[in-house]
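Visitor: fold the following for me, if possible:
(chains A and B)
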Amino acid sequence: GAGVSQSPSNKVTEKGKDVELRCDPISGHTALYWYRQSLGQGLEFLIYFQGNSAPDKSGLPSDRFSAERTGGSVSTLTIQRTQQEDSAVYLCASSLEHKARDTQYFGPGTRLTVL
Amino acid sequence: GESVGLHLPTLSVQEGDNSIINCAYSNSASDYFIWYKQESGKGPQFIIDIRSNMDKRQGQRVTVLLNKTVKHLSLQIAATQPGDSAVYFCAEITPSGNTPLVFGKGTRLSVIA
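Guide: Numbers count the residues shown, from 1 in each chain, chains lettered A, B, ... in the order given. Prediction:
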């Protein structure tokens, strides 16, 4: 079946602009995660959604970052007033449920470049 | 704070040789560990996992070893192939299970043909 998909694959924007990154999880997966991966670094947790529960936003680096998940499926990560330090690959993952041992399946990521 | 880390950032291995990628963790409460493989331009892909009540687990050409005494995790790849070239991440999970995966920085494995 289809895996996690993300769009766009690449995004170049100017400092100060807003961007929206989209994630389509695997059908039937109730948990969805966003991570950020800077060059040469590991993955930094940003936010996760589990079903209809309130999202865990504990990893969002600033109030310029927000995410929503509509209808329990597609998610959008929004970065307002982008800064150069926001340049990174943004990865989305989904799992069947938010249980520690449910395998997270990752999408290919969106590479964001802020000029 | 406690974190997951890796001993070596890069590893070059001759094709056909065995590879060993190491990972140190400092959170003694972590009870579940995962290895991910990330090829260039792709998202991380699950390879193998291990629970803290085990010290060894084998998959296809891969073996994960866990030494809780020294908080050390390793991934062994047998008969390394060019397709194994990638960045490998270890990740840990604490018993609460509510925190997301905590990833180390990764080790880049380069296979020399």
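
Visitor: now do the SS call for residue B:21.
Guide: strand (DSSP: H, G, I helix; E, B strand; the rest coil).

Visitor: could you count how many residues lie near it?
Guide: Residues lying near residue B:21 (other C-beta atoms under 10 Å in any protein chain shown) number 25. For the C-beta atoms, the positions are set from N, CA and C on the backbone; glycine is no exception.

Visitor: enumerate the beta-bridge partners assigned to it.
Guide: Beta-bridge partners for residue B:21, by DSSP bridges, are residue B:75.

Visitor: quick check, it in contact with residue B:74.
Guide: Yes: between residue B:21 and residue B:74 there is a contact at 6.6 Å, judged by C-beta atoms under 8 Å.

Visitor: end-to-end on stretch B:22-36?
Guide: Start to finish, the residues bounding stretch B:22-36 are 13 Å apart (C-alpha to C-alpha, to the nearest Å).

Visitor: what does stretch A:19-36 give?
Guide: Counting by C-alpha to C-alpha, you get 15 Å between the two ends of stretch A:19-36.

Visitor: can that stretch be said to contact chain B?
Guide: Yes: Stretch A:19-36 comes into contact with chain B (C-beta under 8 Å from any C-beta of the partner chain), by way of residue A:33.

Visitor: would you mark the buried spots in that stretch?
Guide: Residues of stretch A:19-36 classed as buried: A:19, A:21, A:23-26, A:29-36 (neighbour count, 16 or more other C-beta atoms under 10 Å in any protein chain shown).

Visitor: write out the residues of chain A neighbouring chain B.
Guide: A:4, A:33, A:40-43, A:45, A:48, A:56, A:59, A:91, A:93, A:98-101, A:103-109.

Visitor: write the PyMOL selection for whichever of those residues are buried.
Guide: Command for PyMOL that selects the buried part of these, burial taken from 16+ other C-beta under 10 Å:
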select buried, chain A and resi 4+33+42+43+45+48+56+59+91+93+98+100+104+105+106+107+108+109
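
Visitor: go through the residues of chain A next to chain B and flag which are in helices.
Guide: Counting by DSSP state H, no part of the residues of chain A next to chain B is found in helices.

Visitor: ok, residue B:68 - contacts?
Guide: Taking C-beta atoms under 8 Å, 6 or more residues apart in numbering or on different chains as the contact definition, residue B:68 lies against B:28, B:52, B:55.

Visitor: go with 10 Å
Guide: B:25, B:28, B:30-31, B:52-55 (C-beta atoms under 10 Å, 6 or more residues apart in numbering or on different chains).

Visitor: helices or strands up against the worst-scoring helix or strand of chain A on mean pLDDT?
Guide: When the helices and strands of chain A are scored by mean pLDDT, DSSP states H and E, strand A:43-50 comes last with a mean of 89. Other helices and strands packing on strand A:43-50, by 3 or more C-beta pairs under 10 Å, 6 or more residues apart in numbering or on different chains; DSSP states H and E, are strand A:31-37, strand A:65-69, strand A:75-79, strand A:88-95, strand B:102-103.

Visitor: and the shortest one, which strands flank it?
Guide: According to DSSP bridges, strand B:102-103 forms sheet pairs with strand B:86-93 (antiparallel).
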